[in-house]
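Visitor: model this:
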Amino acid sequence: MITVVANRLRVVFAQKPHPAYIFLLKVALLAALGWAVYHQVWSREDAASLFQTFAGHWAGSGKWLLWTAILLVPLNWGLETQKWRSLLRRFIPISFWQSYRAILAGVAISLFTPNRMGEYGGRVLAVDARHGWKAVLATLVGSMSQWLVLFSMGLLGLALFSSYVAFRNEAILPWLFAGGLVLVSLLAFVFFHLHRLPHWLRRLPFYLYFHRYVRVIAFVHRYRKRDLAKVLGLSVLRYATYSLQYFLLLHFLGVGISPLVGFAGISTLFLFQTSLPLPPVVGLLARGEAALFVWGQFSDQTLSILAASFGLFIINLTIPALLGAIVIVQTNVNKLLGYEKEEVKVDMGGL
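Guide: Here you go, the predicted structure:
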């Protein structure tokens with residue numbers, strides 16, 4: 001992926017780009033991110049009402065709930081960092097801080113991409129261009145572990161949630177659960193047998209069309225089951241962390257629900273969000289509507305329900321994305337394109 005991007009960029013820049021072009025590119029990135037955040041956060045028609053809702057509850061005695069949710073943000077992304085780092089270290093050494101910066105850069109780019117696909121592009125900025133595909137492979141495996149947790153907990157949460165709410169088409173629920181269990185079982189089987197994935201791909205009838213990529217995928221044989229089990233455990237901890245953040249925000253904003261109902265509703269919402277192929281910035285409105293459907297069964301505080309989803313987006317994505325934009329601005333683009341490496345080789349050859 002990073003090789004393709006770099007090659008295309010080098011077609012645009014037939015020679016080493018002028019520093020002014022790189023500067024303008026980074027300024028454009030910051031401007032685009034700033035516009036997206038402003039458009040989603042400050043230009044909303046209900047933005048004033050949502051902020052007033054936060055301010056009103058801030059005056060109460062439950063502000064510690066909000067502070068706790070905010071303080072869990074570094075832990076949330078720290079767990080994601082350690083998960084990705086543990087996978088990437090099977091190929092190359094990388095520090096925790098370097099990994100954390102890459103994660104933040106991925107968050108910034110993911111705000112504009114469906115299902116946060118931009119994370120791949122952001123994380124490859126932390127490694128040399130020749131190792132970019134390894135960063136992508138580690139991200140794919142880490143995402144697979146998080147999907148496994150999301151789908152598993154989502155199905156369990158939906159089962160609990162359906163006992164509280166009467167659905168219009170209840171007849172479809174058994175089929176939905178059956179299909180979900182098959183998907184989770186298949187995903188779990190593939191996840192813990194990744195070392196056999198290249199062999200399975202070679203048996204596909206259209207193998208010749210993508211055989212060049214199998215050599216890259218073949219490196220998954222380096223992951224042992226204990227490595228994958230550790231990654232899955234980190235995914236569970238991360239899921240518990242941002243679920244707790246959402247639960248704390250709901251209670252801070254006066255949506256009083258029990259832990260069991262909270263788990264059922266939050267897991268159902270996250271299952272919906274995972275299945276919704278929209279970038280976070282665009283999908284926030286749809287997620288707000290879904291939140292109203294779920295929590296509207298237990299509370300009539302519409303603004304508080306929307307403010308909870310809005311607040312989770314701000315603290316977990318917007319703020320880290322702004323920090324990630326700084327990381328991208330500090331990135332050496334010439335190194336990414338391979339020009340500095342080439343210059344070093346020429347200089348050494350001259351010696």
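
Visitor: can you give me phi and psi for G296?
Guide: phi -70, psi -20 (degrees, to the nearest 10).

Visitor: P198: how many residues sit nearby?
Guide: By other C-beta atoms under 10 Å, 17 other residues sit near P198. C-beta here means a position set from N, CA and C on the backbone, and glycine is covered the same way.

Visitor: quick one: the helix or strand where it lies to chain centroid distance?
Guide: In this structure, P198 sits in helix 197-202 according to DSSP states H and E. Averaged C-alpha coordinates place helix 197-202 at 27 Å from its chain's average position (C-alpha atoms, centre = their mean, to the nearest Å).

Visitor: elements contacting it?
Guide: Counting contacts by 3 or more C-beta pairs under 8 Å, 6 or more residues apart in numbering; DSSP states H and E, helix 197-202 packs against helix 211-217.

Visitor: picking up where we left off before, can you list the buried residues in the helix holding P198?
Guide: Neighbour counts over helix 197-202 (16 or more other C-beta atoms under 10 Å) mark 197-198, 201 as buried.

Visitor: Throw the residues you listed into JSON lines and include pLDDT and distance to I257, thanks.
Guide: Formatted as JSON lines, these follow (pLDDT from 0 to 100; distance: C-beta to C-beta, whole Å):
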{"residue": "L197", "pLDDT": "80", "distance to I257": "41"}
{"residue": "P198", "pLDDT": "76", "distance to I257": "46"}
{"residue": "L201", "pLDDT": "74", "distance to I257": "45"}
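
Visitor: so what touches stretch 258-278?
Guide: 114-115, 147, 150-151, 153-158, 160-161, 164, 239, 243, 246-247, 250, 257, 283, 286-287, 290-291, 294-295, 298 (C-beta atoms under 8 Å, 6 or more residues apart in numbering).

Visitor: among those residues, which ones are buried?
Guide: Buried members of these, scored by 16+ other C-beta under 10 Å, are 115, 147, 150-151, 153-158, 160-161, 239, 243, 246-247, 250, 257, 283, 287, 290-291, 294-295, 298.

Visitor: out of these, which sit inside strands?
Guide: Counting by DSSP state E, no part of these is found in strands.

Visitor: what about the residues you listed, which are in helices?
Guide: Under the assignment DSSP state H, the buried ones among the contacts of stretch 258-278 contribute 147, 150-151, 153-158, 160-161, 239, 243, 246-247, 250, 283, 287, 290-291, 294-295 to helices.

Visitor: which residues in the stretch 251-351 of the chain form helices?
Guide: Under the criterion DSSP state H, counting those that start in this stretch, the stretch 251-351 of the chain carries helices at the ranges 259-275, 280-295, 302-313, 319-329, 333-337, 339-350.

Visitor: secondary structure element holding W64?
Guide: Counting by DSSP H and E, W64 is part of helix 63-88.

Visitor: now find how far off-centre that helix is within its chain.
Guide: Counting by C-alpha atoms, centre = their mean, helix 63-88 is centred 12 Å from the centre of its parent chain.

Visitor: I'd like to know which elements that helix is packed against.
Guide: For helix 63-88, the packing partners by 3+ C-beta pairs under 8 Å, 6+ apart are helix 47-58, helix 96-110, helix 132-162, helix 225-252, helix 302-313, helix 319-329.
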